[in-house]
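J.: take a look and give me a structure for this.
(one chain, ligands or ions: 2)
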Amino acid sequence: MIQQTLADPRLELIATAHDFYQQGWMVGTAGNLSVLLPDGSFWITASGRSKGELSLNDFVRIYPDGKQDSSNNLKPSAETAIHQVLYTLFPQAKACYHIHSVEANLVSRFVTGDSLPLPPLEMLKGLGIYQENPHCLIPIFTNHLQVSQIATDIQQRFTITPAQLPVLLIRDHGVTVWAPSPESARNYIELVEYIFRYMVAAWGVGIGEMGRWGGREMGEMGEMGKTRETREIREMGR
Ligand SMILES: CSCCC(=O)C(=O)COP(=O)(O)O
Ligand SMILES: [Zn+2]
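T.: Ligands and ions are numbered 1, 2, ... in the order given. Presented below is the predicted three-dimensional model:
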């Protein structure tokens, strides 16, 4: 009989963090990854570790009653409260990944409001949107100094307005996804990064001003697309 050993789920997080680090999405200790375990506890990356060279000891286990366990008294990620809220709000979520990419921060400034309209790209199917010409919005949260305030905002907003996509942005900070498995969470990060890269590139070549997505012209979407000064800056760069 062939016996299969279940791999330690931290190994998957280590490999993913290494790849995201190489992509430039987790540089300088940025970002945090977690995976939920069958007993309701979760492993999360320890705070302040280089995400490009994690080892099995660079994780803290958080139990449903809030108790923590780490082999060498490490602090859990400063953003643990956000992961806790997401696992509570979305019981199907088994992994939660947060990264800091340049594109996530740029698109978080495309609008001044609290939602980012997305172009109706085929890639949205990978995030569970099977519609023709979908109008999708990603919620944007304020980057409060107190992470607990960000977590409260997330909890309150998603309690009132269900999430359309398993994605949220924190303005000038980064993007977070939650997913039914670590593999899906990795795909979700790659998909949203593609969409953000597309949006930044579209703005850069001026497509946004003529193209329409989310039912609005990019030029109406916010600071970056609409002001004459911004257009002049863009033209200077050509
Ligand atoms: C330079 S990263 C600033 C903190 C942050 O936003 C982050 O994602 C990493 O924090 P952690 O405590 O998880 O290392
Ligand atoms: Zn962060």
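
J.: kindly check the end-to-end length of stretch 38-54 for me.
T.: 23 Å (C-alpha to C-alpha, to the nearest Å).

J.: got it, and stretch 16-34?
T.: OK, stretch 16-34 end separation, C-alpha to C-alpha: 11 Å.

J.: what does it contact?
T.: For stretch 16-34, the external contacting residues (C-beta atoms under 8 Å, 6 or more residues apart in numbering) are 13, 42-45, 47-54, 77-80, 83, 95-102, 174, 182, 185-186, 189, 193. Where you see a C-beta, it was placed from the backbone N, CA and C, and this is true even at glycine.

J.: buried sites along that stretch?
T.: Within stretch 16-34, the residues scored as buried using 16 or more other C-beta atoms under 10 Å are 16-18, 20-21, 25-27, 30-34.

J.: ok, now stretch 189-196?
T.: Buried-residue list, stretch 189-196, by 16+ other C-beta under 10 Å: Ile189, Glu190, Leu191, Val192, Glu193, Ile195, Phe196.

J.: ligand 1: which of the residues you listed is nearest?
T.: Closest approach between the buried residues of stretch 189-196 and ligand 1, by C-beta to the nearest ligand atom: Ile189, at 13.4 Å.

J.: isn't the closest one up against Val175?
T.: Yes - in this structure, Ile189 is within contact of Val175 by C-beta atoms under 8 Å, at 7.5 Å.

J.: which residues do these two both contact?
T.: Ile99.

J.: which of the buried residues of stretch 16-34 come close to ligand 1?
T.: Ala30, Gly31, Asn32 (C-beta under 6 Å from any ligand atom).

J.: who in this protein is up against ligand 1?
T.: So far as C-beta under 6 Å from any ligand atom goes, the chain lies against ligand 1 at Gly28, Thr29, Ala30, Gly31, Asn32, Thr45, Ser47, Gly48, Ser77, Ala78, Glu79, His98.

J.: does the residue most central in space within the chain belong to a helix, a strand or coil?
T.: For the chain, Thr176 is the residue whose C-alpha lies nearest the centre (C-alpha atoms, centre = their mean; 2.0 Å). What DSSP: H, G, I helix; E, B strand; the rest coil gives for Thr176 is strand.

J.: shouldn't it be in contact with Ser101?
T.: No - Thr176 is beyond contact range of Ser101, at 11.7 Å (criterion: C-beta under 8 Å).

J.: dump the biggest helix by length in the chain to CSV, keeping only the CA atoms.
T.: Counting by DSSP state H, the longest helix found in the chain is helix 182-204. C-alpha atoms of helix 182-204 as CSV (Å, rounded to 0.1, in the frame of the first residue of the first chain):
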residue,chain,number,x,y,z
PRO,A,182,-3.1,28.0,-1.3
GLU,A,183,-2.8,27.1,-5.0
SER,A,184,-5.9,29.2,-5.8
ALA,A,185,-4.6,32.1,-3.7
ARG,A,186,-1.4,32.1,-5.7
ASN,A,187,-3.4,32.2,-8.9
TYR,A,188,-5.6,35.0,-7.6
ILE,A,189,-2.6,37.1,-6.8
GLU,A,190,-1.2,36.4,-10.3
LEU,A,191,-4.5,37.3,-12.0
VAL,A,192,-5.1,40.6,-10.1
GLU,A,193,-1.5,41.6,-10.8
TYR,A,194,-2.0,41.0,-14.5
ILE,A,195,-5.2,43.1,-14.4
PHE,A,196,-3.4,45.9,-12.5
ARG,A,197,-0.4,45.8,-14.9
TYR,A,198,-2.9,46.0,-17.8
MET,A,199,-4.6,49.1,-16.2
VAL,A,200,-1.3,50.9,-15.6
ALA,A,201,-0.2,50.1,-19.1
ALA,A,202,-3.5,51.2,-20.6
TRP,A,203,-3.3,54.5,-18.7
GLY,A,204,0.3,54.9,-19.9
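
J.: lovely, talk soon.
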